[in-house]
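Trainee: below is the structure, and that's it, no one-letter string:
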């Protein structure tokens, strides 16, 4: 049974369906007798891949949020600089 699981893991790693980190984790679990059969191992692989995809999507969303916030701050600083320059050009206007 363990040979079957290891063979499946190796085949999926070679086909680039799982990366080396997932492979190592699942290999060690298979060695520790965590998987009753091949079907259970395949379910675990699908779960791990879905988990990795969700983490990647969250990371991409975080990067997008950070970049939009940085752009917003840059626009705000630009507006304030323009406002300050405009107020310095007109000495008759009292700044409040």
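Mentor: Here it is on my side, so go on. This one's a predicted model, so the numbers in the text were calculated from it and none came from an experiment.
Trainee: where does the chain dip in pLDDT?
Mentor: Scanning the chain for pLDDT under 70 picks out 91-96.
Trainee: from residue 48, how far out is the most centrally placed residue in the chain?
Mentor: Closest to where the C-alpha atoms of the chain average out (C-alpha atoms, centre = their mean) is residue 56, at 2.6 Å. For residue 56, the distance to residue 48 equals 13 Å [C-beta to C-beta, to the nearest Å]. No exception for glycine: its C-beta is placed from N, CA and C like everyone else's.
Trainee: helix, strand, or coil at the residue nearest to the centre of the chain?
Mentor: Using DSSP: H, G, I helix; E, B strand; the rest coil, the structure places residue 56 in helix.
Trainee: residue 1 contacts residue 37, doesn't it?
Mentor: Yes. Counting by C-beta atoms under 8 Å, residue 1 touches residue 37, with 7.0 Å between them.
Trainee: how about the secondary structure of residue 41?
Mentor: Applying three-state DSSP: residue 41 is helix.
Trainee: and residue 79, how far from residue 88?
Mentor: For residue 79, the distance to residue 88 - C-beta to C-beta - is 15 Å.
Trainee: hmm, I was thinking of residue 50
Mentor: On the measure of C-beta to C-beta, residue 50 and residue 88 end up 57 Å apart.
Trainee: what is the burial count for residue 28?
Mentor: Neighbour count of residue 28, defined by other C-beta atoms under 10 Å: 10.
Trainee: show the backbone phi and psi for it.
Mentor: phi -70, psi -40 (degrees, to the nearest 10).
Trainee: show the contacting residues for it.
Mentor: Listed by C-beta atoms under 8 Å, 6 or more residues apart in numbering, the contact set of residue 28 is empty.
Trainee: which strand or helix spans residue 12?
Mentor: helix 2-14 (DSSP states H and E).
Trainee: packing partners for that helix?
Mentor: Contacts defined by 3 or more C-beta pairs under 8 Å, 6 or more residues apart in numbering; DSSP states H and E place helix 2-14 against helix 20-31, helix 38-89.
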